[in-house]
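[1] Sharing a sequence plus its predicted fold:
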Amino acid sequence: MSDPKPSGSRVAVLQHAPHEGPARLALAFERDGFELDVLRLDLGVPVPRSLEGMRALVVLGGSMGVADVGDAKYPFLADEVPLLQKAVAAGFPTLGVCLGAQLLAHAAGAHVYPNELGDPPFVLREVGWGAVHFVRSPADEPVLEGLDPAEMVVHWHGDTFDLPPGATLLASTLQCENQMFRLGKRLFGVQFHPELDAADIATWVEEDAAYVRAALGPTGAARIAADTARYLERQKPHGDRLLDNLVRALVG
C-alpha cells in the first residue's frame, strides 16, 4: 500500500545530533499552526517506516554523511533513505537541511561526495558566514519571495551533491554550486543554515571546535563570533522570511 497524502498538523522532524535541533524553523511552523514531533534519532528513537499521519517531513543536519549509511555508529541513516525514497516517489512535502539535503538528494538518485576544489583536489569545508546567491527569481520561485539576490547565511559542511534528476537549482555559492533545490512542488533541499540563532551558532562552534579549526584555522572561532555579531541581526528577518516561505510551500 502506498503512503497516504499529507494529513493533520503533525510535522515529523528527524534530529541526528544533540545540538542540531530545528531552532527557528520550529517557530516558523508554529506561526502557521503546525506542531513539531522531534524524533531524536541520536537517542535511539526509531525512524518512521511510513509517512502516514504526517503533514510534512523535515530532516535536519549532523556531522555524519551519506558515506556513513550502513555504519553501525549511525544505524538511523540506513532507515532514513527508504523513508525519503517514499517521500520522493509520492511528492510528499519534505525539507532537508544540510545533511538532510544530502540525504534527500541521495534518495532521489543523485551522487553525494566531498566538496573538492583545486588541482590537486582538496576538500573545501564551508564553515561560518558566507554569501549565498539565489539563481531563480521570486516570480518563478515563490519560496524566494522577499529575499535579496544574495544573502549572508551560515554554512557548515564539507560534502556536496549533484542535483537530483528533475530538480531545479535555487541557490549557489562560489565554492559549492548546489546549495538549494526544489524537487517537484514540495520537496526542498537547503545546504546552508537559515534557522540558526546566536546561541545555536555559539554552541556549534564549541561542539565542533576541531572542525572549525580544520576549516578556518586557529582563529576560526573568533572569526565566526565576530561575523555573527556583524550579520545575524540583519539576517534574522530575511532568514525567517525564507523559513516562512519554505513552511508555506510545504504545507500551504
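    Perfect, I can see it now.
[2] Give the closest residue to Arg241 in space, chain neighbours not counted.
    Nearest non-adjacent residue to Arg241, counting by CB to CB, 6 or more residues apart in numbering: Gly146, 4.4 Å away. Just so you know, the C-beta spots here come from the backbone N, C-alpha and C atoms, and that holds for glycine as well.
[3] quick one, what contacts the one you found?
    Pro138, His238, Arg241, Asn245 (CB atoms under 8 Å, 6 or more residues apart in numbering).
[4] Kindly indicate which of the residues you listed lies nearest Pro48.
    Among the contacts of Gly146, Asn245 lies closest to Pro48 (CB to CB), at 25.7 Å.
[5] Leu144 is in contact with the closest one, correct?
    Yes. Counting by CB atoms under 8 Å, Asn245 does reach Leu144; the two are 7.1 Å apart.
[6] what are the ranges of the helices in this protein?
    24-31, 75-90, 99-107, 198-207, 209-216, 220-251 (DSSP state H).
[7] got a list of contacts for the fourth one?
    Outside of helix 198-207, the residues within contact range by CB under 8 Å, 6+ apart are His19, Glu20, Ala23, Val154, Trp156, Leu196, Val212, Ala221, Ile224, Ala225, Thr228, Leu232.
[8] Count the neighbours of the closest residue to Thr228 other than its chain neighbours for me.
    Using CB to CB, 6+ apart and skipping the chain neighbours, the partner closest in space to Thr228 is Ile201 (5.2 Å). Under the neighbour criterion other CB atoms under 10 Å, Ile201 is assigned a count of 21.
[9] if I look at Ile201, how far off is His193?
    Separation of Ile201 from His193 (CB to CB, to the nearest Å): 9 Å.
[10] Find the residues that touch each one of these two.
    Val154.
[11] Next, the contact list for the residue nearest to Leu77 when sequence neighbours are not counted, please.
    Counting by CB to CB, 6+ apart, Leu77 lies nearest to Val69, which is 4.6 Å off, once chain neighbours are set aside. Val69 makes contact with Leu77, Ala78, Val81, His106, according to CB under 8 Å, 6+ apart.
[12] Just send those back as JSON lines, with neighbour count and pLDDT too.
    Listed next are these as JSON lines, based on neighbours: other CB atoms under 10 Å; pLDDT from 0 to 100:
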{"residue": "Leu77", "neighbour count": "23", "pLDDT": "98"}
{"residue": "Ala78", "neighbour count": "14", "pLDDT": "97"}
{"residue": "Val81", "neighbour count": "17", "pLDDT": "98"}
{"residue": "His106", "neighbour count": "24", "pLDDT": "98"}
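[13] Show me which pair in the residues you listed is furthest apart.
    Maximum pairwise distance among those (CB to CB): 11.5 Å, between Ala78 and His106.
[14] so where's the stretch 101-250 of the chain shaky on pLDDT?
    Regions of the stretch 101-250 of the chain meeting the criterion pLDDT under 70 are absent.
[15] before we move on, back to that, and the contacts of Val69 as CSV, adding distance to Leu41?
    Conversion of the contacts of Val69 to CSV gives the following (distance: CB to CB, whole Å):
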residue, distance to Leu41
Leu77, 9
Ala78, 11
Val81, 13
His106, 16
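[16] Just give me the neighbour total for the closest residue to Leu144 other than its chain neighbours.
    Excluding the flanking residues, the one nearest Leu144 by CB to CB, 6+ apart is Pro138, at 4.6 Å. Pro138: 14 surrounding residues under other CB under 10 Å.
[17] who's Leu187 bridged to?
    Thr94, Leu183 (DSSP bridges).
[18] Which residues are in contact with it?
    Here Leu187 is in contact with Ala87, Val88, Gly91, Phe92, Pro93, Thr94, Leu95, Leu104, Ala108 (CB under 8 Å, 6+ apart).
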